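Participant: Turn this into a model:
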Amino acid sequence: MKPVSRKLSLQPRAGAGALSRLAHTLSVDACVAAVGCVLVIGCVDPKARFDDFDDRVIDAPPKIEIDAPVVAEIPDVNGRFLLGLKTNLSDESFQFVAQVTLDEADGISMVLTPLDVDMRMPVGMMITAPPAAVSNTAQFDSAIGSVANPDEPCADPEDPGLARIPGDANPVSGSDLNVVAVAHGTIRSQDLFCGTVTGKAANLSCLDLGDLNATFAAIRLTDDAMGSSLPPPLGECPAGMPVDAGMPDAMPTPDAKLIDAQGDGDDAMPDGPMPDGGSGN
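Facilitator: As a prediction, this is how the structure comes out:
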């Protein structure tokens, strides 16, 4: 009997390709679905996240701006003072004798007499600072000199409104100076007012007094002292008397009145010699 011959077929079974294609299709569909899920989950609504963050943030407390303290009475600074003006160019101060007038209606005015650097005696022409209003924080802005064209304060050295300081009263360079400035001051007591100075001083060049950190202080003279009998000038506010401190802007601002020069106001300075100087504002 002859053996039965069987031929092995290398062709795939009917339907095998279809199954393979089906499996591939399901695999691709599953991958696309998975990517779609990731995209859906990953796309967070920015506005919703911001609103959620905003709901969780606690508002910061309001900022309160502090100005100089309101005073019930403005110290009476009528009288004669030694005024020193200082810049960062020198430790030496320009010196003036200031005749001060304080009036409830007109405010504060001054007549300044420059003093010679060496002998501390009057030199040059007097400089008049017209009346300036004094606020209920005892602050004022006093003009020293004026010019026809405020935008070009150094343009005309012959402008008659300029305040003129002779070279003999200039401890920095010894040169004549033409000045147009504003003294921003605070009356600290019956015996002291002080502050900063802005403006221009011109000779060969135009100097910005604000850039030079110009400051001033005026101390009361109790007699007709002049020359070597004058006390040392201050040139800046004494230490321990800050310019900016006090109550919030929202606090009430009572009317200010003048203190009798002989009164016992809380702002009066103790008897005795004035301090030699301070460390600044």
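Participant: Could you use CA atoms for every contact and neighbour count after this?
Facilitator: Noted.
Participant: Any idea how far apart the tips of stretch 167-175 sit?
Facilitator: 4 Å (CA to CA, to the nearest Å).
Participant: mean confidence score for it?
Facilitator: Averaged across stretch 167-175, pLDDT comes to 94.
Participant: Please, where are all the helices along the stretch 51-200 of the chain?
Facilitator: Remark: no helices are assigned in the stretch 51-200 of the chain by DSSP state H, counting those that start in this stretch.
Participant: pLDDT below threshold where in it?
Facilitator: Applying pLDDT under 70 to the stretch 51-200 of the chain flags residues 51-68.
Participant: the strands in the stretch 151-281 of the chain, which residues?
Facilitator: 163-165, 177-189, 192-202, 206-208, 215-220, 257-258 (DSSP state E, counting those that start in this stretch).
Participant: Determine the set of other helices and strands touching the fourth one.
Facilitator: This means strand 206-208. Applying 3 or more CA pairs under 8 Å, 6 or more residues apart in numbering; DSSP states H and E, we find strand 206-208 packed against strand 192-202.
Participant: contacts for the strand it packs on?
Facilitator: If you take CA atoms under 8 Å, 6 or more residues apart in numbering as the criterion, strand 192-202 is touched by 77, 153-154, 157, 177-188, 206-210, 213-220, 236-237, 243, 281.
Participant: Quick one: work out the angle between it and strand 177-189.
Facilitator: 160 degrees (axes from the mean of the first three to the mean of the last three CA atoms, to 10 degrees).
Participant: Return strand 192-202 as PDB; C-alpha atoms alone will do.
Facilitator: C-alpha atoms of strand 192-202 as PDB (Å, rounded to 0.1, in the frame of the first residue of the first chain):
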ATOM      1  CA  LEU A 192      14.900 125.900  65.300                       C
ATOM      2  CA  PHE A 193      13.700 125.300  61.800                       C
ATOM      3  CA  CYS A 194      15.400 123.200  59.200                       C
ATOM      4  CA  GLY A 195      15.000 121.200  56.000                       C
ATOM      5  CA  THR A 196      16.300 120.700  52.500                       C
ATOM      6  CA  VAL A 197      17.000 123.100  49.600                       C
ATOM      7  CA  THR A 198      16.300 122.600  45.900                       C
ATOM      8  CA  GLY A 199      17.100 124.900  42.900                       C
ATOM      9  CA  LYS A 200      20.100 126.200  41.000                       C
ATOM     10  CA  ALA A 201      23.400 127.900  41.900                       C
ATOM     11  CA  ALA A 202      25.400 129.300  39.000                       C
END
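Participant: one step back: check the strands of the stretch 151-281 of the chain for me and report the most buried one.
Facilitator: Compared across these, strand 215-220 shows the largest average neighbour count, a mean of 26 (mean count of other CA atoms under 10 Å).
Participant: So in that sheet, which strands flank that strand, and in what orientation?
Facilitator: With DSSP bridges as the test, strand 215-220 is paired with strand 79-86 (antiparallel), strand 192-202 (antiparallel).
Participant: For those strands, please prepare JSON lines with the additional fields distance to Met110.
Facilitator: As requested, those are exported to JSON lines (distance: least, CA to CA, whole Å):
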{"stretch": "strand 79-86", "distance to Met110": "10"}
{"stretch": "strand 192-202", "distance to Met110": "12"}
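Participant: Tell me which of these lies nearest to Pro171.
Facilitator: Closest approach to Pro171 among the strands paired with strand 215-220 is made by strand 79-86 (9.8 Å; CA to CA).
Participant: who touches the closest one?
Facilitator: Contacting residues not belonging to strand 79-86 are listed as 92-101, 214-222, 233-236 [CA under 8 Å, 6+ apart].
Participant: Could I get the buried residue list for that strand?
Facilitator: Across strand 79-86, burial judged by 16 or more other CA atoms under 10 Å covers 79-86.
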